[in-house]
Structures are given as structure tokens and as C-alpha cells.
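Novice: Got a predicted model here, sequence first, then my questions.
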Amino acid sequence: VERAARRHGALWVGDPALHRVELPRGARIFEGGASLHAIGDRWVLAAGDVFVSDDQGARWRRTLGPPPGRAESWGVVGLAASTGRAAYALDNTGALWRSDDAGDEFATIASGRVREPTAPRPSSDWLRWDGGDALLASIGQQVFRFDREGRGGPLGALRGAVFGAPVDDGAVVATSSLAW
């Protein structure tokens, strides 16, 4: 289970059969859709906030939500699961969060950029593994590379937009160009 799409308030999950799973209360889906990952028997979902389920989506629990006072202007735009029980989340300010307990608790490991408090907009921001031991993130018009501790920096600026930006053998497969 890796990606899920929203259709009529539900997730459609293929594992390999197709299952309809109701979205948790409070879920907000951005342009890139919801991101669902399995860590053992636990499902971890990024849908505006981060939710976890230990019963294949029958019940959800929010584990990462907006900071106080930012409910309408904050949202998780990407999620990447790692080996073991680690998961990483990217919010719409560009902050990188890590959980070492399969999504129960998250801590900020790289701060985001300052952004005016406006409602989350449709976004092509994303978070993916680079095929090795690092995370790639598209944040606005920049592509960043982070290690597992949140250290890193910009790789380049985007010309146009990169939507979805899958990662294949350690390289970003883009529908646009990068300026290095």
C-alpha cells in the first residue's frame, strides 16, 4: 500500500485487491492526493494531517496536526515511510517531520520557510526517497535533499512545475526542468 486516491470521501486501496476505505474525519486532500503507507500492520495516512490505523482503516487516529492557531493555514503535503518503524512527513511550510514509532509521534527535524498564514493551496509539493538513504522534497519552486536526520539543502530551482515526481533508481523523473 503506497498511494491512494480520493473519490467520494473514500480511499481506494489496492493490496492487490481494490478496497474502499472511508477517509478519517478531518481529512483534507491536496492536489497530490492522499499518501498511504503500510509500516508492518499499521497504515499511516497523509491527508492534510497524519492519521494512523491499526485495523486497515476501520478507525483512524490523528497523530500530526496543525500547530496552535494554524488550523486553516497548515497541512501535510507528503509522506515517506522508511525501513523499520520510521516515517517522514513534509508540511506546506517546508518543515520535515520524523516519527520513529510508525507514526505515533512526530518531531520536526528540519524547519520550514516562513509563509503567510493563508489556507493551504493546491500544491505540487512532494516527498520521496532518492533510491538510497536520502529524501528528496519539492517545496514551492525548490528541490531539496535531506538525510535521515533532516540535514541537507537545496539541489536546484524548478522551471515550471513537477507533478508527482516519481523517483526511479535515485533520480528524479520530472515533467519539467531543474536549474542547478
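Specialist: Nice, thanks for sending it over. What you are looking at is a predicted structure, and each value in this text was computed from that prediction instead of being measured.
Novice: Give the buried residues for stretch 63-80.
Specialist: For stretch 63-80, a neighbour-count test (16 or more other CB atoms under 10 Å) marks 63-66, 73-80 as buried. C-betas here are computed from N, CA, C, even on glycine.
Novice: Please identify which of these is nearest to P154.
Specialist: Nearest to P154 among these, counting by CB to CB, is G78 at 16.5 Å.
Novice: Now name the helix or strand holding the closest residue to the closest one other than its chain neighbours.
Specialist: Counting by CB to CB, 6 or more residues apart in numbering, G78 lies nearest to L127, which is 3.1 Å off, once chain neighbours are set aside. Element membership for L127, per DSSP states H and E: strand 126-129.
Novice: List the buried residues in that strand.
Specialist: Under 16+ other CB under 10 Å, the buried positions of strand 126-129 are 126-128.
Novice: How far off centre is whichever helix or strand comes after it?
Specialist: Following strand 126-129 in sequence order, the next helix or strand is strand 135-139 (DSSP H and E). Distance of strand 135-139 from its chain centroid, counting by CA atoms, centre = their mean, to the nearest Å, is 10 Å.
Novice: what do you get for stretch 66-83?
Specialist: With CA atoms, centre = their mean, you get 8 Å for stretch 66-83.
Novice: Give me the distance between the two termini of stretch 129-142.
Specialist: Length of stretch 129-142, first residue to last, CA to CA, to the nearest Å: 16 Å.
Novice: Show me where the chain dips below the pLDDT cut-off.
Specialist: 1-17, 31-32, 113-124, 158-180 (pLDDT under 70).
Novice: Spell out for me which residue occupies the centre of it.
Specialist: Closest residue to the average C-alpha location of the chain: G78 at 1.4 Å, with CA atoms, centre = their mean.
Novice: Could you look up the next helix or strand downstream of the helix or strand hosting that one?
Specialist: Element membership of G78 [criterion: DSSP H and E] is strand 76-81. Counting by DSSP H and E, the next helix or strand C-terminal to strand 76-81 is strand 87-91.
Novice: just checking, what packs against the following helix or strand past that following strand?
Specialist: Downstream of strand 87-91, the first helix or strand assigned by DSSP H and E is strand 96-99. Packing partners of strand 96-99 (3 or more CB pairs under 8 Å, 6 or more residues apart in numbering; DSSP states H and E): strand 61-64, strand 87-91, strand 107-110.
Novice: what's the spacing between the second one and its chain's center?
Specialist: Read that as strand 87-91. Counting by CA atoms, centre = their mean, strand 87-91 comes out at 5 Å from the chain centroid.
Novice: same question, the first one
Specialist: With CA atoms, centre = their mean as the basis, the distance from the averaged C-alpha position of strand 61-64 to the chain average is 14 Å.
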